[in-house]
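J.: Next comes the sequence, and after it the predicted model I'd like to discuss.
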Amino acid sequence: MTNPAMGWGKRAVRLYRPPTAVASVLFVNRSQLGVGEAVMSVEDRTKTPWLPPRWFIRLAWRVHRGVYRGFGGRIGLWRPRGNKWGALRLTTTGRRTGRQRGVIVGYFEDGPNLVTLAMNGWGEGEPAWWLNLQARPEATVDLGNGRRLVRGRAATGDERSRLWARWREIDTNLDAYAALRPSETAVVVLEPRPGGPDMTPDS
């Protein structure tokens, strides 16, 4: 998997498939790795991966959302293929405002579940969408082939280790990027939930 923040130039040429969690910018300090997560070699730990400036990452996110909205959702989302992540639009309910909030994040499929990372562009702090999900787990995702009602939660224990290892297969620099963040990066599982009211983002 290509780090979304780094792969923006190439992806922009291909219909703005950007660097978000869509995302796909990821990672965690060695001392924060979960059980079963491979420990990086001494050589890997001494390397500091490059990230574009924070303003550029934010700009890439805004452009991606703008393209998605501008083309009525026909461009900007895609399914994961092989060892490449896909992009979905996640709509959460604001923990403070109660309003619908949309964000595009990177993901892969794990059976019926969709798996993403709360990496915040590999910057400090938790992304707003993850804080919203923790307060109100019910959400909606838009995929390239339709809409789905989901419930979000953080993977833990063996499940987290397994899903992290899968992300590492997609992005071989995962651990190095995670080490840029001062806290552990949550592996977020979006599980299907039965019926309920449909939600339409108000961007």
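T.: Structure's in. What do you need? Numbers count the residues shown, from 1 in each chain.

J.: So, low pLDDT: which residues of the protein?
T.: Scanning the chain with the threshold set as pLDDT under 70 gives 1-47, 61, 71-73, 196-203.

J.: longest helix anywhere in it?
T.: helix 54-70 (DSSP state H).

J.: packing partners for that helix?
T.: Contacts defined by 3 or more CB pairs under 8 Å, 6 or more residues apart in numbering; DSSP states H and E place helix 54-70 against helix 8-13, strand 100-110. Quick note: C-beta positions are derived from backbone N, CA and C, even for glycine.

J.: mind running it again at 10 Å?
T.: For helix 54-70, the packing partners by 3 or more CB pairs under 10 Å, 6 or more residues apart in numbering; DSSP states H and E come out as helix 8-13, strand 86-93, strand 100-110.

J.: of all these, which lies closest to residue 118?
T.: strand 100-110 (8.8 Å; CB to CB).

J.: Now the following helix or strand past the closest one: buried residues?
T.: Beyond strand 100-110 on the C-terminal side, the first helix or strand identified by DSSP states H and E is strand 113-117. Using 16 or more other CB atoms under 10 Å as the test for burial, strand 113-117 gives 113, 114, 115, 116, 117.

J.: same check, this time on stretch 110-129
T.: In stretch 110-129, counting by 16+ other CB under 10 Å, buried: 110, 113-122, 126-127, 129.

J.: just those now: which is nearest residue 154?
T.: So of these, ranked by how close each gets to residue 154 (CB to CB), first place is residue 118, at 8.1 Å.

J.: my read: the closest one touches residue 131, true?
T.: Yes. With contact defined as CB atoms under 10 Å, residue 118 counts as touching residue 131 (8.9 Å).

J.: joint contacts of the two?
T.: Residues touching both residue 118 and residue 131 (CB atoms under 10 Å, 6 or more residues apart in numbering) are residue 125.

J.: As a markdown table, the buried residues of strand 113-117 with distance to residue 88 would be great.
T.: As requested, those are exported to a markdown table (distance: CB to CB, whole Å):
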| residue | distance to residue 88 |
| --- | --- |
| 113 | 12 |
| 114 | 7 |
| 115 | 11 |
| 116 | 8 |
| 117 | 13 |
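
J.: okay, now residue 180: neighbour count?
T.: 20 (other CB atoms under 10 Å).

J.: isn't it right next to residue 123, touching?
T.: Yes. Assessed by CB under 10 Å, residue 180 is found in contact with residue 123 at 7.9 Å.
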